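[1] Let's see this in three dimensions:
(chains A and B)
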Protein chains: 2
Amino acid sequence: MLSKSDVKYIQSLAHKKFREEYGHYVVEGIKMVGELISQYPEQLYKVYATKNWVRLNPDLAKNLTCIYELEDFELQKISFLNTSNEVLALAKLPPFKTEILISGEITVVLDQIQDPGNLGTIIRTCDWFGIKNIICSTDTADAHNPKVVQSTMGSIFRTNIIYTDIVTFVKKQQGIPVYAALLNGSSVYTTTFQFPSILIIGNESKGISKEIKELTTHPITIDKIGLAESLNASIAAGIILSHMQLH
Amino acid sequence: MLSKSDVKYIQSLAHKKFREEYGHYVVEGIKMVGELISQYPEQLYKVYATKNWVRLNPDLAKNLTCIYELEDFELQKISFLNTSNEVLALAKLPPFKTEILISGEITVVLDQIQDPGNLGTIIRTCDWFGIKNIICSTDTADAHNPKVVQSTMGSIFRTNIIYTDIVTFVKKQQGIPVYAALLNGSSVYTTTFQFPSILIIGNESKGISKEIKELTTHPITIDKIGLAESLNASIAAGIILSHMQLH
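    Next up is the predicted model:
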């Protein structure tokens, strides 16, 4: 049974303000919730599942102390998807960090990425390439927005996503090469990347802001053969990251 | 002034059935409609614009024989965007093709790409890399769906998108290498690509279908360093295409 206050609580998590106030965010679907329960139980708060899901996933369901069995129509009521997908979980929002030590080979810095799908895809791609730290400008979309979470496909559980003043952040990392995808840089094919380094990805339509451009030590370009004016921000990120790994 | 029948007509173009019946599709926004008018006038059918757009774009507006000036609220009524963006055009659907001659270095084959954003982004990425022909399985999302069109960012005007039985299509291209993104192929970093060739991109969750897998002569893999289970289909396409260009 789903109470009215449960519905209200979950729906409120569409908004950043309430996610931060309550410390929870929504994760949906068999795959991502399954991963959350089995691999990251310390990040789990509550599970809302259909009777069918509970019947089909006895191993996942048995150790859960906080699970609510719902009718299909009840799950649909709290789902942010067009068609709800058997199970919805509330996960714990990671503690808010503003300070970060650069670790690993590449730190990705996002300069006002606005589309939730792009942000989620960038987080997923970073995770594929083993990048732990993603630094977002404060005007980047919120990573715990339900749409972003869904498109990370679980990578949200494994990456550190930090919102901060990226100009101050990049300035602090003195001596570290700062790569950025620009339309008039060196070819990504011939660049010999140095590590540790920072890779900046800019806004979908405006690109990289002026202040950040000035801090870029190595502008790089993905060679264009055809006629498209630009690449999607997440595609550019994926291509550059794949070439950075090559060296 | 916008008539009721105009509104009905434009709204019906959300559906493939009516796009095919009427031979038109919707293009929105200052950037894409501007490109359509100035560079591809032969593909243009009608323009619906706010008075403000007409005032600000005299060079684009002056030669249009079929333009309707609307109030902002009228444009919002026919727009498929959450917030309408000054101008909406109806473009002519290209003639339906099922037969295609392989031309150029790379032909991209899409095996049941379902997400409109992914499809649009793949079309845009192909255009960036100079790929003209994109062959889609009949269960791939429709390229002239308003969401796909928007995410192509104009590349829909420059690419040939053909829906056909891709198994039959690939079988016909005897002797041409067939590359496909799989989880257990050769590394994309060390593969020496041959041309002309076919690159297959599979469904977002199911990957490449069994029949197409059997036709693949060169399975390739994007080396994984981190923990994400998979990459987004459009990211995989972008990364592989960028490495194919390297050779």
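
[2] Can you give me every residue that contacts residue A:197?
    Residue A:197 is in contact with A:105, A:106, A:107, A:176, A:177, A:178, A:179, A:244, counting by C-beta atoms under 8 Å, 6 or more residues apart in numbering or on different chains. Every C-beta, even on glycine, is put in place using the N, C-alpha and C of the backbone.

[3] what secondary structure does the last one sit in?
    When states are read from DSSP: H, G, I helix; E, B strand; the rest coil, the local structure at residue A:244 comes out as helix.

[4] How many residues are close by the residue lying closest to it once chain neighbours are set aside?
    Take residue A:244 and drop its neighbours on the chain: the residue closest to it by C-beta to C-beta, 6 or more residues apart in numbering or on different chains is residue A:193, 4.8 Å away. Neighbourhood size, residue A:193 [other C-beta atoms under 10 Å in any protein chain shown]: 19.

[5] Could you report the distance from residue A:193 to residue A:242?
    11 Å (C-beta to C-beta, to the nearest Å).

[6] Out of the contacts of residue A:197, which end up buried?
    Among the contacts of residue A:197, those classed as buried by neighbour count (16 or more other C-beta atoms under 10 Å in any protein chain shown) are A:105, A:106, A:107, A:178, A:179, A:244.

[7] For chain A, which segments are assigned as strands?
    A:24-28, A:44-50, A:67-70, A:87-92, A:106-110, A:133-137, A:160-164, A:178-187, A:197-201, A:218-221 (DSSP state E).

[8] Could I get the buried residue list for the last one?
    For strand A:218-221, a neighbour-count test (16+ other C-beta under 10 Å) marks A:218, A:219, A:220, A:221 as buried.

[9] Partner strands of it and their direction?
    strand A:178-187 (parallel) (DSSP bridges).

[10] Not counting its own residues, what contacts the strand it pairs with?
    Under the contact criterion C-beta under 8 Å, 6+ apart, strand A:178-187 has outside partners A:170, A:191, A:193, A:197-202, A:207-208, A:212-213, A:215-223, A:230, A:236-237, A:240, A:244.

[11] hmm, which of those are the buried ones?
    Buried among the contacts of strand A:178-187 (16+ other C-beta under 10 Å): A:170, A:191, A:193, A:197-202, A:207-208, A:212, A:215-216, A:218-222, A:230, A:236-237, A:240, A:244.

[12] Break down chain A into its helices, ranges please.
    For chain A, the helices defined by DSSP state H cover A:4-12, A:16-22, A:30-39, A:51-56, A:58-61, A:72-78, A:116-128, A:146-152, A:166-172, A:210-215, A:233-246.

[13] Quick check: the farthest pair among the buried ones among the contacts of residue A:197?
    Spanning the widest gap among these are A:105 and A:178, at 14.1 Å by C-beta to C-beta.

[14] Chain B contacts on chain A?
    A:117, A:121, A:124-131, A:151, A:153-155, A:158, A:188-189, A:222-232, A:234-235, A:238-239, A:242-243, A:245-246 (C-beta under 8 Å from any C-beta of the partner chain).

[15] filter the residues you listed to the buried ones?
    Going by neighbour count (16+ other C-beta under 10 Å), the residues of chain A next to chain B have A:117, A:121, A:124-131, A:151, A:153-155, A:158, A:188, A:222, A:224, A:226, A:228, A:230-232, A:234-235, A:238-239, A:242-243, A:245-246 buried.

[16] Distance from stretch A:46-53 to the middle of the chain?
    Centroid separation for stretch A:46-53 versus its chain: 25 Å, with C-alpha atoms, centre = their mean, to the nearest Å.

[17] Repeat that for stretch A:228-241.
    17 Å.

[18] what's the answer for stretch A:72-89, then?
    21 Å.

[19] Show me the beta-bridge partners of residue A:187.
    Beta-bridge partners, per DSSP bridges, of residue A:187: residue A:221.

[20] How is chain A divided into domains?
    A:4-92, A:106-246 (automatic domain parsing).

[21] what bridges to residue A:200?
    Beta-bridge partners for residue A:200, by DSSP bridges, are residue A:109, residue A:180.

[22] for the record, mean pLDDT for stretch A:51-59?
    Averaging pLDDT along stretch A:51-59 yields 95.

[23] repeat for stretch A:114-133
    The model assigns stretch A:114-133 a mean pLDDT of 96.

[24] Mean neighbour count, the strands of chain A: which tops it?
    Greatest average neighbour count among the strands of chain A goes to strand A:106-110 (a mean of 26), per mean count of other C-beta atoms under 10 Å in any protein chain shown.

[25] Using PDB, write down the CA coordinates of that strand.
    Below are the C-alpha coordinates for strand A:106-110, written out as PDB (Å, rounded to 0.1, in the frame of the first residue of the first chain):
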ATOM      1  CA  ILE A 106      41.800  12.600 -16.200                       C
ATOM      2  CA  THR A 107      39.400  14.900 -14.400                       C
ATOM      3  CA  VAL A 108      36.500  16.000 -16.500                       C
ATOM      4  CA  VAL A 109      35.100  19.500 -16.000                       C
ATOM      5  CA  LEU A 110      31.700  20.300 -17.400                       C
END
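
[26] thought residue A:228 was touching residue B:153?
    Yes - contact between residue A:228 and residue B:153 holds when scored by C-beta atoms under 8 Å: they sit 6.9 Å apart.

[27] In chain A, where is pLDDT below threshold?
    A:98-99, A:101, A:103, A:247 (pLDDT under 70).

[28] Isn't residue A:137 up against residue A:110?
    Yes - between residue A:137 and residue A:110 a contact is recorded at 6.4 Å, counting by C-beta under 8 Å.

[29] shared neighbours of the two, anything?
    Residues touching both residue A:137 and residue A:110 by C-beta under 8 Å, 6+ apart: residue A:166.
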